[in-house]
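Peer 1: structure for this input, please:
(4 chains)
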Number of protein chains: 2
Amino acid sequence: MSRWDPHQSSLRQLQYLVAVAELGGFRRAAQACGVAQPSLSAQVAQLERTLGVQVFERHARGIRITAAGEVVLARARQVLVAATDLDDTARRQGDPLAGTLRIGVIPTVCPYLLPEVAPALHTALPNLTVVWSEDKTQALIRQIEEARIDAAIVAVDARVNSLETMTIGEDAFVLAAAPGHRLVKPAAPASPSALDGVTVFLLEDGHCFRDQALALCGATGAHAAGLSATGLSTLVQMVGTGSGVTLLPQLAVAVENRRGQLAVRRFKRPAPSRTLVLAWRRGSALQRPLAAIGAVLQQAWPLFDRGVPTVRSTTSNAR
Amino acid sequence: MSRWDPHQSSLRQLQYLVAVAELGGFRRAAQACGVAQPSLSAQVAQLERTLGVQVFERHARGIRITAAGEVVLARARQVLVAATDLDDTARRQGDPLAGTLRIGVIPTVCPYLLPEVAPALHTALPNLTVVWSEDKTQALIRQIEEARIDAAIVAVDARVNSLETMTIGEDAFVLAAAPGHRLVKPAAPASPSALDGVTVFLLEDGHCFRDQALALCGATGAHAAGLSATGLSTLVQMVGTGSGVTLLPQLAVAVENRRGQLAVRRFKRPAPSRTLVLAWRRGSALQRPLAAIGAVLQQAWPLFDRGVPTVRSTTSNAR
DNA sequence: TAAAAATACTCCATAGGTATTTTAT
DNA sequence: ATAAAATACCTATGGAGTATTTTTA
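Peer 2: Prediction:
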């Protein structure tokens, strides 16, 4: 009974297959994989033969993925993810807190959090190198699930349910407008109902912060402006000159309002907020270093929860 | 940014690695894999080099798995399971209800369920071949998780929580003893309290049915006999001649009591029972055919819930 | 007629084979 | 002395290369 049925296909072939699907062609895939096109074509063809499934329809202009191919590709990606976990596991056997991690961050967090936190991370975990990237939630989650990045800093969302998460902190929303605007004039915290009937400028579609702000607007009777901004800086520009109002995450205030062109006003407790988390794929081999990073972020978070975190050391670091 | 870091190791090497761990030596592993020992040794050594982890300590008598090796092996198994799912997915692309499935069955179910159900399965799913095997719950679950078998028929248990399950039916427990025994004399269903203070013969350790019967004994004040049986047939022998009493699953009664040497007595409703399920690995590529098999089993179950299922066709099948 | 993939072929890196030695019990 | 794995060395499969042809939008 002890017969071992061997797997005919190789991980290399699976990578080629996924690359062709990802890049939409054998030529591009071959280039990305660093091999000649005929070599890659031959390997993919052989894989299709051994699996007994035609994954691609070859056309003169590009390729099409067959229905059967889609499900095979999904499985092939799973194999490659598992193989990546194996590699990661092996590589971390010496010191789990050494090596390189790729972490993605959403655009409404990245420029505000990283400048402060990256040096702190390096101090706390000197052997760990973090390669940061910036993208929107949906793209980051895809990249996590395909093991293209190791983790991401995102706001909690239905889509992170499939991932393992570690809370970094609560990021309150605040009202922001040109100084003198009636909504930001009172010093006392605003009630959410203050937004009733107000037109609010929002980010463009795809940003989770837009959805969260939109939800708040829906709950309070505010309505979205016709114009959308591509980033928080643009949003600040729009309300800073004109007569509009917007919502900002507290995290961004210190940087975006560094010239003091805005007046900001907090909400009454419990203030509307987003929960920022470090998220990674369930079963990742990198849990240990990621949890360590999460702990540092958690610890550093109080700096951002209040006004200005930019208390720089005045002692020179020149060596 | 589109650099593709290639996986150096091959599925073949991972199979060799796992085989060595499983069989406890390079020689046996090589034999099981159908290659020469030096070939396998070389591949394993190269894998260890590329992973940078020593998985095995080589000793003159057999091998030891290192601590680092254990975690690497777990990941390697995951890769192979994913690869198996890929193969399965591909193979089933034509007709998901065709091909071969390996299904394990626990010993207290196998000989009673299969003779009746296997022909029914063949009729309902003529293109599907099922290779049956018999083992205890713990072993079956291990085999499922390592993709050595595709599914198993077991009784529900904390250990099946990690698996996907489909209920086949409820299998009531009944009292069985030699005719004339005071516990089985009354025709009316027994109350569980009838067991109070009684000595009950049980299966040997490792059988889930032993644990379930033991739990019932604990709840009712019965106590286990000093002697354990290796199978239900032995159990029947023990109580059939002597003056003891035992518990049987209703499923087994028709076969085990075919010569009428026992008197059996049901319990009052709600009778103690076990739930039989078809269980398979979450994410298995074989969900479709397995669910089809589960449906047939479900449908056939009422035959076993009552007395004698052995109503054989009298029309000759000679051709 | 161009862009993309397949075909034809050549080459060599390496998985796998056999024979043998080393090692530890 | 023996069983198990490593070493030495040879073979041959097949993955990768270049040059070219086929296909179709």
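Peer 1: going by C-alpha atoms from here, please, whenever you check contacts or count neighbours.
Peer 2: OK.
Peer 1: show me where the stretch 151-300 of chain A has strands.
Peer 2: Remark: strands assigned in the stretch 151-300 of chain A by DSSP state E, counting those that start in this stretch are A:151-155, A:163-177, A:199-203, A:223-229, A:245-249, A:263-265, A:273-281.
Peer 1: pick the most buried one from these.
Peer 2: strand A:151-155 (a mean of 28; mean count of other C-alpha atoms under 10 Å in any protein chain shown).
Peer 1: can you report how many residues neighbour whatever residue of the stretch 101-250 of chain A ends up closest to chain B?
Peer 2: Nearest residue of the stretch 101-250 of chain A to chain B: residue A:148, at 9.5 Å (C-alpha to the nearest C-alpha). Under the neighbour criterion other C-alpha atoms under 10 Å in any protein chain shown, residue A:148 is assigned a count of 17.
Peer 1: repeat for residue A:238
Peer 2: Using other C-alpha under 10 Å, residue A:238 has 20 other residues around it.
Peer 1: do the same with residue A:215
Peer 2: 12.
Peer 1: try residue A:119
Peer 2: Using other C-alpha under 10 Å: residue A:119 sits among 12 other residues.
Peer 1: between the one helix or strand it maps to and strand A:151-155, how many degrees?
Peer 2: Per DSSP states H and E, residue A:119 falls inside helix A:110-124. Put simply, helix A:110-124 runs at 130 degrees to strand A:151-155, going by axes from the mean of the first three to the mean of the last three C-alpha atoms, to 10 degrees.
Peer 1: in terms of secondary structure, what does helix A:110-124 contact?
Peer 2: Packing contacts for helix A:110-124, counted by 3 or more C-alpha pairs under 8 Å, 6 or more residues apart in numbering or on different chains; DSSP states H and E, involve strand A:128-134, helix A:250-256, helix A:287-300.
Peer 1: burial-wise, tell me which of those comes out on top.
Peer 2: Neighbour counts (mean count of other C-alpha under 10 Å) averaged over each of the helices and strands packed on helix A:110-124 peak at helix A:250-256, with a mean of 21.
Peer 1: against which helices or strands is that helix packed?
Peer 2: By 3+ C-alpha pairs under 8 Å, 6+ apart, helix A:250-256 packs against helix A:110-124, strand A:163-177, helix A:232-241, helix A:302-305.
Peer 1: indicate which one of those is closest to DNA strand C.
Peer 2: Closest approach to DNA strand C among these is made by strand A:163-177 (33.9 Å; C-alpha to the nearest atom of the strand).
Peer 1: and the closest one, what does it pack against?
Peer 2: helix A:232-241, strand A:245-249, helix A:250-256, strand A:263-265, strand A:273-281, helix A:287-300, helix A:302-305.
Peer 1: contacts for the first one next, please.
Peer 2: This means helix A:232-241. Contact partners of helix A:232-241, identified using C-alpha atoms under 8 Å, 6 or more residues apart in numbering or on different chains, comprise A:108, A:176-178, A:201-203, A:228-229, A:244-246, A:248, A:256, A:261-262.
Peer 1: try 6 Å this time
Peer 2: For helix A:232-241, contacts defined as C-alpha atoms under 6 Å, 6 or more residues apart in numbering or on different chains pick out A:177-178, A:229, A:245, A:262.
Peer 1: also the longest one?
Peer 2: When contacts are taken as C-alpha under 6 Å, 6+ apart, the neighbours of helix A:287-300 outside the stretch itself are A:97, A:168.
Peer 1: report the mean confidence score over that helix.
Peer 2: Mean per-residue pLDDT for helix A:287-300: 96.
Peer 1: ok, now the second one?
Peer 2: pLDDT averaged over strand A:245-249 equals 95, rounded to a whole number.
Peer 1: repeat that for the shortest one.
Peer 2: If you average the pLDDT over strand A:263-265, you get 93.
Peer 1: picking that back up, mind putting the helices and strands packed on helix A:110-124 in CSV, distance to residue A:266 included?
Peer 2: Formatted as CSV, these follow (distance: least, C-alpha to C-alpha, whole Å):
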stretch, distance to residue A:266
strand A:128-134, 28
helix A:250-256, 9
helix A:287-300, 22
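Peer 1: with just CA atoms, put the helix holding residue A:119 into PDB.
Peer 2: The C-alpha trace of helix A:110-124 is given here as PDB (Å, rounded to 0.1, in the frame of the first residue of the first chain):
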ATOM      1  CA  CYS A 110       1.600  55.900   4.700                       C
ATOM      2  CA  PRO A 111       3.000  59.500   4.500                       C
ATOM      3  CA  TYR A 112       2.000  60.300   8.000                       C
ATOM      4  CA  LEU A 113       2.900  57.200   9.900                       C
ATOM      5  CA  LEU A 114       6.100  56.000   8.300                       C
ATOM      6  CA  PRO A 115       8.400  59.000   8.700                       C
ATOM      7  CA  GLU A 116       7.900  58.700  12.500                       C
ATOM      8  CA  VAL A 117       7.700  55.000  12.800                       C
ATOM      9  CA  ALA A 118      10.300  53.700  10.500                       C
ATOM     10  CA  PRO A 119      13.200  54.900  12.600                       C
ATOM     11  CA  ALA A 120      11.600  53.500  15.700                       C
ATOM     12  CA  LEU A 121      11.200  50.200  14.000                       C
ATOM     13  CA  HIS A 122      14.800  50.200  13.100                       C
ATOM     14  CA  THR A 123      15.800  50.900  16.600                       C
ATOM     15  CA  ALA A 124      13.600  48.200  18.100                       C
END
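Peer 1: pull out the buried residues from it.
Peer 2: Neighbour-count burial for helix A:110-124 flags A:110, A:112-113, A:116-117, A:121 (criterion: 16 or more other C-alpha atoms under 10 Å in any protein chain shown).
Peer 1: residue numbers of the stretch 1-150 of chain A in contact with DNA strand C?
Peer 2: Proximity of the stretch 1-150 of chain A to DNA strand C is confined to A:24-28, A:37-38, A:41-42, A:45, A:58-63 under the rule C-alpha under 7 Å from any atom of the strand.
Peer 1: separation between the residue of the stretch 51-200 of chain A found nearest DNA strand C and residue A:26?
Peer 2: For the stretch 51-200 of chain A and DNA strand C, the shortest gap (C-alpha to the nearest atom of the strand) falls at residue A:62, measuring 4.2 Å. From residue A:62 over to residue A:26 the distance is 8 Å, taken as C-alpha to C-alpha, to the nearest Å.
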